[in-house]
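Peer 1: Here you go, sequence then predicted model.
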Amino acid sequence: MTNDTGAIELAVIGGTGLYQLADLRDVESHQPVTRYGAPSGPVRVGLLDGHRVAFLARHGEGHSLPPHQINYRANLAALHALGAKRVLALNTVGGITADFGPRVLGCPDQLIDYTWGRISTICEEPGTEVVHVDFGEPYTRSLRNDVIAAAAAAGVALVDGGCYGATQGPRLETRAEIARMRRDGCDLVGMTGMPEAGLAREMGLDYACLAIVANWAAGAGPDPDEVITLQDVLDNVAAASSGLPGLIALLLARQTAE
């Protein structure tokens, strides 16, 4: 079943190593300017199996924006302005606990924010209405359930649950920092999970994270002296994300059926 209304059924935000959405056809480019400024780059809107999908590269299509300089508010506002109501965030992460080794996909259900200095709310400007959103469950349960069901239908291995720890970056973490995060209950570590998730909640967007494990976090893997290279990260992301087009296609089909 195709979408004939022109409405965007799903917005996808791509992280490190994910600068375009494979199999997206009849692509149009949009460069909206929001009240928060310009997003990271053009929003590519096209068809995936007859469903209208928007894609935005979080770091820019040339990976020119470090995590702390991303205009998260503008990114989400741009997707919202184009009509998106559901956002699937693809986040390249490091694995901390045993279930989350390189090339694993995870759909976390919790997060801890270790970032600082980022604009983390739409209530920043003087005179803006102050909103206090419930964030005890940071990812939208219904969208998470749909992602998990779509992965199973597509035959894509996916770990259900886990805690994402968002760090400042752009440097990777020390072994001591990862040890602390493990004690705090984190399973994954990334640099872009917040404030994105919180802003999505404030803007009324359904939001879920699909975490792509690119490497073991410092000291977490079987070789504590392993040196992480960018090429290793990119190779692992490419391998782990090979099933994403099929998963997203079935996610869209599931949404249409509902």
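Peer 2: Arrived safely, thanks for sending. Numbers count the residues shown, from 1 in each chain.
Peer 1: pLDDT of stretch 95-105, averaged?
Peer 2: In this model, stretch 95-105 has a mean pLDDT of 96.
Peer 1: Now do it: everything it contacts.
Peer 2: 93, 106, 151, 156-159, 162, 165, 178, 181-182, 186-189, 210-217, 220-221, 232, 236, 239-240, 243 (CB atoms under 8 Å, 6 or more residues apart in numbering). All C-beta spots, glycine's among them, are computed from the backbone N, C-alpha and C.
Peer 1: Just list the residues touching residue 165, thanks.
Peer 2: 96, 111-112, 114, 181, 184, 186, 188-190.
Peer 1: Give me the subset of those that lies in helices.
Peer 2: 181, 184 (DSSP state H).
Peer 1: Can you show me the helices along the stretch 51-200 of the chain?
Peer 2: 72-81, 141-154, 175-184, 196-202 (DSSP state H, counting those that start in this stretch).
Peer 1: Which strands or helices does the shortest one pack on?
Peer 2: For helix 196-202, the contact count by 3 or more CB pairs under 8 Å, 6 or more residues apart in numbering; DSSP states H and E identifies helix 72-81, strand 86-95, strand 206-216 as packing neighbours.
Peer 1: Sheet-wise, list the partners of the last one with their directions.
Peer 2: Put plainly, it is strand 206-216. strand 86-95 (parallel), strand 105-107 (antiparallel) (DSSP bridges).
Peer 1: quick one: average pLDDT of stretch 139-156?
Peer 2: Stretch 139-156 comes out at a mean pLDDT of 96.
Peer 1: list the buried ones in it?
Peer 2: For stretch 139-156, the neighbour count (16 or more other CB atoms under 10 Å) marks 139-140, 143-144, 146-148, 150-151, 154, 156 as buried.
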